[in-house]
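> Sequence and computational prediction follow.
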Amino acid sequence: MRVAVFVLLPCCLRTGAWARGQQLAGGLPTLTHIDQIRRLSPEQAAQGYPVRVRGVITMDAPAPDFFVQDATAGIYVEGSTSPKYPHLLGQLVQVDGVTGPGKFAPVIRETKLRVLGKAVLPRAKISVFSEFANGQQDGQWARVRGIVRSAALDRSSWREPALAMHIASEGGEFNVRIPITHAEDFSSWIDREVLIEGVCGSLYNANRQLTGILFYVPRLSFVKVEAPATEVPLSTLLRFSPGEGTRHRVRVRGIVGYQQLGHALFIQSQGTGIRVLTQQTTPLAIGDLVDVVGFPIMGESAPMLEDAMFHPLGHQTGPEAVKLNLDAPWEQFDGAVVTTDATLVSRHAQPDGVRLHLQHGDTFFDASLPLGVAADGVLSIPLNSQVQITGICLVRSGGLWRIPQSFRILLRLPEDVVVLTTPSWWNLRHTLWLLGIMGGVLFAVAAWVVVLGRRLREQMNVIRQKLRSSAVLEERNRIARELHDTLEQELAGITMQLDLAVDRLEQSPRVARQAVETARNMSRHSMLEARRSVWDLRCQLLEDGDLVSALEQIVEPLVARENAKVDFEIQGTPVRLPGPVEMNLLRIGQEAVANAMRHGHARQVCLELRYAVASVCLSVSDDGIGFVIDHASPTGHFGLLDMRERAQSMGSQLSIQSEPGRGTRIAVGVPLVPLEPIDEELKTNTYSRG
């Protein structure tokens with residue numbers, strides 16, 4: 001019941017419209033030629049001018065509407081359903097009715113039809129598509145040549161079934177509808193050149209604007225079919241060929257590299273790939289040999305095929321992946337199966353699949369794995385891993401000259417990503433943890449140094465109270481200088497190494513790792529130096545032995561650390577010297593060897609201690625880089641100054657001989673005369689730099 005209402009309602013509305021048109025027709029002239037109606041504006045046609053025209057029916061579908069053409073022009077007629085008139089192709093008829101605005105051009109609304117007999121269809125010259133593109137030929141009988149791009153059965157557009165074709169013609173494309181009595185396979189018509197004779201119609205939008213051309217062909221007999229498709233190599237598509245067009249369908253053969261079911265197919269032949277646009281849903285496997293028929297079109301960087309049909313011929317091994325050479329023109333890889341090595345920069349799970357961001361040399365590109373493919377293994381690959389990527393290369397071009405600008409790789413399976421190497425343990429997160437630990441250690445060392453400094457200051461206060469001469473005060477000053485040159489320099493070195501590690505962390509993890517390792521070794525050395533300093537305050541070496549053994553023990557660690565060699569030469573019979581003399585000679589020898597290692601970069605040091613009846617002489621020679629004596633005491637370094645002061649305190653002078661590139665010799669001779677005694681606590685609590 002509800003269906004009947006829907007069917008009758010349009011009929012009633014159309015009858016009402018005709019009645020209103022007849023009411024408005026009073027006082028308006030009757031139009032007898034179709035060209036008079038076509039010259040009306042939509043507003044004028046909507047007034048319902050009375051019409052009586054004679055002409056031949058050029059198209060009798062879609063029912064109940066039809067086309068009629070007289071000697072002046074052709075026009076679309078909205079056929080009456082109450083009463084219902086027969087409309088047959090080729091009938092000579094007299095049509096009575098009123099004008100209507102139509103949806104694109106003016107139309108006739110039929111109220112009465114009288115068949116006068118049979119007539120001959122109008123003769124039409126063959127026109128090119130550009131003559132129809134402006135819509136002025138709407139409703140006219142015409143002929144046009146073109147190539148069939150698609151052909152299918154249409155059961156929804158009209159009440160009667162129709163053959164729907166898409167035609168490519170010189171200058172454009174258009175659609176065709178032909179009423180048929182039974183379904184047939186028209187796939188053999190695809191890519192055939194045809195001559196079509198029928199009524200030119202129009203496609204339009206709600207604003208009465210032309211959107212396309214639709215040819216109404218009354219019978220299949222009005223279509224003359226010609227010419228078949230030829231097989232061509234993939235590499236020759238869309239190349240210049242004199243005298244040949246590019247609108248024909250071509251046949252290609254290749255091996256399937258990947259299929260996007262119902263959307264696209266990627267095939268490859270002799271290292272050349274191509275993207276095939278097809279709605280065919282026949283499933284294929286990678287490695288299937290297929291025969292494809294389609295129309296070549298321009299892609300972003302290489303030709304493609306569209307409106308394609310394919311059928312499998314058998315199965316072979318998958319297409320061999322082409323090595324992606326980024327120095328070659330990228331467009332030659334478009335649509336082909338390629339492989340390349342790259343570094344995994346990032347990976348993300350997205351609604352349409354998994355996307356990988358990769359780097360090869362200075363080039364960055366994306367690789368995507370489609371939705372529905374198990375990608376847990378791909379998402380678990382560590383960042384910065386070296387991977388081998390295999391998949392379909394899709395190149396994107398841009399600019400006026402269509403220069404390739406970027407590319408992406410369409411992955412087919414998780415196995416298309418092969419991990420070659422994983423990153424070392426020294427990544428950013430681990431390095432930050434290590435830096436945090438080292439920072440904590442350095443803080444502890446610094447706190448320990450502060451505590452040590454407080455204890456040293458307390459000890460120095462005790463010493464200050466016991467010092468009874470200027471020599472004691474000078475010795476305390478030397479202690480302060482040596483403390484400055486030891487701990488401050490070591491901590492400054494550690495800071496420089498940590499700064500280097502932070503700066504080179506991302507660009508060169510290996511350099512950062514070496515810098516952190518150096519800082520760790522320096523911090524250990526600082527603690528050893530600090531412990532040695534406390535131990536050295538008591539000058540245990542001189543308490544347990546003589547000057548000779550003390551020099552050997554205090555110098556040996558200095559040269560061992562630098563892989564250098566030291567030679568000891570003792571002349572005369574060693575004797576015990578006054579405490580201050582032994583202490584000062586020990587510190588001068590220690591300072592001279594330390595300077596040769598640290599500043600002179602010496603590989604060999606000769607330490608000579610000569611005992612005489614009235615004097616004792618100490619000399620230290622090295623094969624280091626030497627220096628200019630006039631610039632021997634830069635600001636902030638107290639080594640030479642300390643040695644001179646110690647020599648002067650013993651009534652002697654420090655001798656320095658050095659030239660750049662020829663090493664250094666430092667010597668001091670001490671007369672064995674009674675010196676002013678110094679409190680034994682001075683000897684016990686003396687500290688100098690190692």
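Yes, it's here.
> and the helix or strand containing Leu558, which residues are buried?
Following DSSP states H and E, one finds Leu558 within helix 547-561. Using 16 or more other CB atoms under 10 Å as the test for burial, helix 547-561 gives 547, 550-552, 554-555, 558-559. Where C-beta positions appear, they are placed from N, C-alpha and C, glycine not excepted.
> Dump it to PDB, restricted to CA.
The C-alpha trace of helix 547-561 is given here as PDB (Å, rounded to 0.1, in the frame of the first residue of the first chain):
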ATOM      1  CA  LEU A 547     116.000  10.500  50.900                       C
ATOM      2  CA  VAL A 548     117.100   8.000  48.200                       C
ATOM      3  CA  SER A 549     114.400   5.500  48.900                       C
ATOM      4  CA  ALA A 550     111.800   8.300  49.300                       C
ATOM      5  CA  LEU A 551     112.600   9.800  45.900                       C
ATOM      6  CA  GLU A 552     112.400   6.300  44.200                       C
ATOM      7  CA  GLN A 553     109.000   5.600  45.800                       C
ATOM      8  CA  ILE A 554     107.500   9.000  45.200                       C
ATOM      9  CA  VAL A 555     108.600   9.300  41.500                       C
ATOM     10  CA  GLU A 556     107.900   5.800  40.300                       C
ATOM     11  CA  PRO A 557     104.000   6.200  40.300                       C
ATOM     12  CA  LEU A 558     104.300   9.500  38.300                       C
ATOM     13  CA  VAL A 559     106.200   8.000  35.400                       C
ATOM     14  CA  ALA A 560     104.300   4.700  35.500                       C
ATOM     15  CA  ARG A 561     101.000   6.500  34.900                       C
END
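> who touches that helix?
Contacts to helix 547-561, defined as CB atoms under 8 Å, 6 or more residues apart in numbering, come from residues 541-542, 545, 565-566, 568, 570, 574, 576-577, 582, 585-586, 589-590, 593-594, 597, 605, 607, 609, 690.
> same thing but at 7 Å, please
541-542, 565-566, 568, 570, 574, 577, 582, 585-586, 589-590, 593-594, 597, 605, 607, 609 (CB atoms under 7 Å, 6 or more residues apart in numbering).
> Adding distance to Thr363, write the buried residues of helix 547-561 out as CSV.
Formatted as CSV, those follow (distance: CB to CB, whole Å):
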residue, distance to Thr363
Leu547, 70
Ala550, 66
Leu551, 64
Glu552, 63
Ile554, 60
Val555, 58
Leu558, 53
Val559, 52
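> residue ranges for the strands of the stretch 351-500 of the chain, please.
353-360, 363-370, 386-398, 403-410, 417-421 (DSSP state E, counting those that start in this stretch).
> Can you lay out the ones you listed as JSON lines showing mean neighbour count?
Shown next, in JSON lines, are these (neighbours: other CB atoms under 10 Å):
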{"stretch": "strand 353-360", "mean neighbour count": "18"}
{"stretch": "strand 363-370", "mean neighbour count": "18"}
{"stretch": "strand 386-398", "mean neighbour count": "19"}
{"stretch": "strand 403-410", "mean neighbour count": "18"}
{"stretch": "strand 417-421", "mean neighbour count": "15"}
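> With mean pLDDT and distance to Arg644 added, can I get those strands in a markdown table?
Formatted as a markdown table, those follow (pLDDT from 0 to 100; distance: least, CB to CB, whole Å):
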| stretch | mean pLDDT | distance to Arg644 |
| --- | --- | --- |
| strand 353-360 | 93 | 60 |
| strand 363-370 | 93 | 63 |
| strand 386-398 | 93 | 60 |
| strand 403-410 | 92 | 71 |
| strand 417-421 | 93 | 59 |
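> want to throw those into JSON lines with distance to Pro122?
Shown next, in JSON lines, are these (distance: least, CB to CB, whole Å):
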{"stretch": "strand 353-360", "distance to Pro122": "58"}
{"stretch": "strand 363-370", "distance to Pro122": "55"}
{"stretch": "strand 386-398", "distance to Pro122": "48"}
{"stretch": "strand 403-410", "distance to Pro122": "52"}
{"stretch": "strand 417-421", "distance to Pro122": "66"}
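> related to what we said a few turns ago, how far does the helix holding Leu558 sit from its chain's centre?
60 Å (CA atoms, centre = their mean, to the nearest Å).
> Next SSE downstream of it?
Using DSSP H and E, the first helix or strand after helix 547-561 is strand 565-571.
> Buried residues of that following strand, list them for me.
Val566.
> who touches stretch 651-658?
626-627, 629, 632, 643-644, 647, 664-671.
> rerun that using 6 Å as the cut-off
626-627, 629, 643-644, 647, 664-670 (CB atoms under 6 Å, 6 or more residues apart in numbering).
> Of those, which count as buried by neighbour count?
626-627, 643-644, 647, 664-670.
> For Ser130, find the nearest of the strands of the stretch 351-500 of the chain.
strand 386-398 (29.4 Å; CB to CB).
> The closest one vs strand 403-410, what angle?
Orientation of strand 386-398 against strand 403-410 (axes from the mean of the first three to the mean of the last three CA atoms, to 10 degrees) gives an angle of 140 degrees.
> strand partners of strand 386-398, parallel vs antiparallel please.
Here strand 386-398 is paired, per DSSP bridges, with strand 337-350 (antiparallel), strand 403-410 (antiparallel), strand 417-421 (antiparallel).
> Quick one: mean pLDDT over the longest one.
Translated: strand 337-350. Across strand 337-350, the average pLDDT comes to 93.
> for it, which positions count as buried?
Counting neighbours by 16+ other CB under 10 Å, strand 337-350 gives 337-340, 342-344, 347 as buried.
> could I have it exported to PDB, CA atoms only?
These are the backbone C-alpha positions of strand 337-350, laid out as PDB (Å, rounded to 0.1, in the frame of the first residue of the first chain):
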ATOM      1  CA  VAL A 337      59.700  -3.900  -5.600                       C
ATOM      2  CA  VAL A 338      62.900  -2.300  -4.100                       C
ATOM      3  CA  THR A 339      65.200  -3.100  -1.200                       C
ATOM      4  CA  THR A 340      67.600  -0.800   0.800                       C
ATOM      5  CA  ASP A 341      69.400  -0.600   4.100                       C
ATOM      6  CA  ALA A 342      68.400   2.200   6.500                       C
ATOM      7  CA  THR A 343      68.500   3.300  10.100                       C
ATOM      8  CA  LEU A 344      65.200   3.100  12.100                       C
ATOM      9  CA  VAL A 345      64.600   6.600  13.400                       C
ATOM     10  CA  SER A 346      61.000   6.200  14.800                       C
ATOM     11  CA  ARG A 347      58.000   3.900  14.600                       C
ATOM     12  CA  HIS A 348      54.300   4.500  15.300                       C
ATOM     13  CA  ALA A 349      51.100   2.500  15.300                       C
ATOM     14  CA  GLN A 350      48.400   4.500  13.400                       C
END
